[in-house]
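>>> Okay, predicted coordinates and the sequence, questions at the end:
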Amino acid sequence: MKFNSLNAKKNLILFYGVAKKNMNKNYFEVLRPGINSTFQDNGRNNFYHVGIPFSGAMDNRNFLLANTISNNEINNPVLEFAYQGPKLKYIGENISINVTGDVNFKIIRKNKHLKFSCYENIILENNDCLDILSTNRSVYGYLSIGGTFEVDYYLNSCSTNTKAKIGANSGEKLETGQIIQLKNIKKILPKNKIEYLNSKIENIRIIKGPHFDYFSKDAIDSFFSDEFNVTKLSDRMGIRLKGPKISNIKNTNIKSEGLVKGVIQITADGDPIIMLSDHGTIGGYPKIGVVISADYDKLVQIPPGSKIKFKEINLKDAETIFKLYEMETQNLISNIK
């Protein structure tokens, strides 16, 4: 009996020794989850045919800048948050982090509240608390680390889609008390920094949709000349607008067909809905237009209560503007130092 107890004690010590060895020593504890805090990368493509949307970071430019400042692979997972971000307690060796977007945040270190700027590497120390307080007249912000969030992947992407329950964190938002394990921690990075102003946009440029001729001339004129209010019924799936009713002269309902990110559907009530990154893959409302790709990042940053207008451009101009957008993004990335 004494022999068995001794062996059991040895086995227990061995078990905890192995567990401790395998346990990741670098992690965040979620003290406050924030609003709609999820892990995102650049999304999953080529799965529309099985009903799975692209998803991915809402503001692609701020996603790319976050990973570039951290010297990460361009598709490394980031933590995306809306309006108010999470409050995270950090345990582990010193690590570089950065926050992108128009965001207020601070680090609480030994009872001192330290404020920092976005778009630069900051060092987090053991027992620091990162408190992401709010976005400024915008919606989304991003947290990147000099390393990797240890997350699960689904169809080659970690992007969390909370409606479909897929992606990192079992397809769920962050929760209080959750532990976020970190891996591949880099040596402290240089103070990479960039000066970037998140400019606002009110005139959203669109190209004609496949059902543009379903609407009367008066409705089209109103659509482009009048303002629309961004309602609170807005999330990663779409933005619902209120304003003049866009009357349909053919059919308010059509056979359900494929949707793309940025397409504008007009409901039977005459209200526009702009489909965003987690949109359903099919829909049965007429599509009056599609937001150009170059304006998408700024579109998703427009908070509820704002007013927007639409401006029609042709496909050739949209392609030219997108090339300029890509060039500007690459210039920003090359200027990070």
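Happy to help now that I have it. Residues are numbered from 1 along each chain as shown.

>>> what's the neighbour count on the closest residue to Lys298 other than its chain neighbours?
Nearest-residue entry for Lys298: Ile201, 4.0 Å, with adjacent residues in sequence omitted and distances by Cβ to Cβ, 6 or more residues apart in numbering. For every residue, glycine as well, the C-beta is placed using N, CA and C. Other residues lying near Ile201 total 14 when counted by other Cβ atoms under 10 Å.

>>> Tell me the secondary structure at Ile201.
What DSSP: H, G, I helix; E, B strand; the rest coil gives for Ile201 is coil.

>>> Please report how far it lies from Val139.
13 Å (Cβ to Cβ, to the nearest Å).

>>> Same check on Gln301?
5 Å.

>>> ok so, going back, shared neighbours of Ile201 and Val139, which are they?
When Cβ atoms under 8 Å, 6 or more residues apart in numbering defines a contact, the residues bordering Ile201 and Val139 alike are Ile302.

>>> Could you verify my assumption that Lys173 touches Thr38?
Yes: between Lys173 and Thr38 there is a contact under Cβ atoms under 8 Å: 5.7 Å.

>>> more crowded one of the two?
Neighbours were counted for Lys173 and for Thr38 using other Cβ under 10 Å; Thr38 has more, 27 against 18.

>>> got any ranges where the stretch 1-150 of the chain has weak pLDDT?
1-23 (pLDDT under 70).

>>> quick one, strands of it?
Under the criterion DSSP state E, counting those that start in this stretch, strands of the stretch 1-150 of the chain are mapped to 27-32, 38-40, 78-82, 87-91, 95-100, 103-109, 112-115, 122-124, 129-135, 140-145, 148-149.

>>> Which one of these lies nearest to Asp278?
Evaluated over those, closeness to Asp278 peaks at strand 38-40, with 9.8 Å, by Cβ to Cβ.

>>> so what strands line up beside the closest one?
Sheet pairing of strand 38-40 (DSSP bridges) gives strand 78-82 (antiparallel).

>>> residues making contact with the strand it pairs with?
Counting by Cβ under 8 Å, 6+ apart, residues outside strand 78-82 touching it are 34-41, 57-58, 63, 66-67, 86, 132, 135, 139-144, 149, 174.

>>> Now do the buried residues in it.
Val78, Leu79, Glu80, Phe81, Ala82 (16 or more other Cβ atoms under 10 Å).

>>> okay if I get those as TSV plus distance to Asn184?
Listed next are those as TSV, based on distance: Cβ to Cβ, whole Å:
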residue	distance to Asn184
Val78	14
Leu79	16
Glu80	20
Phe81	22
Ala82	27
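
>>> Between the residues you listed, which sits nearest Val30?
Leu79 (10.3 Å).

>>> Next one: that closest one from Gly283, what distance?
Taken as Cβ to Cβ, the span from Leu79 to Gly283 is 30 Å.

>>> Mind checking the strands of the stretch 1-150 of the chain for the one nearest to Lys307?
Closest of the strands of the stretch 1-150 of the chain to Lys307 is strand 129-135, at 18.5 Å (criterion: Cβ to Cβ).
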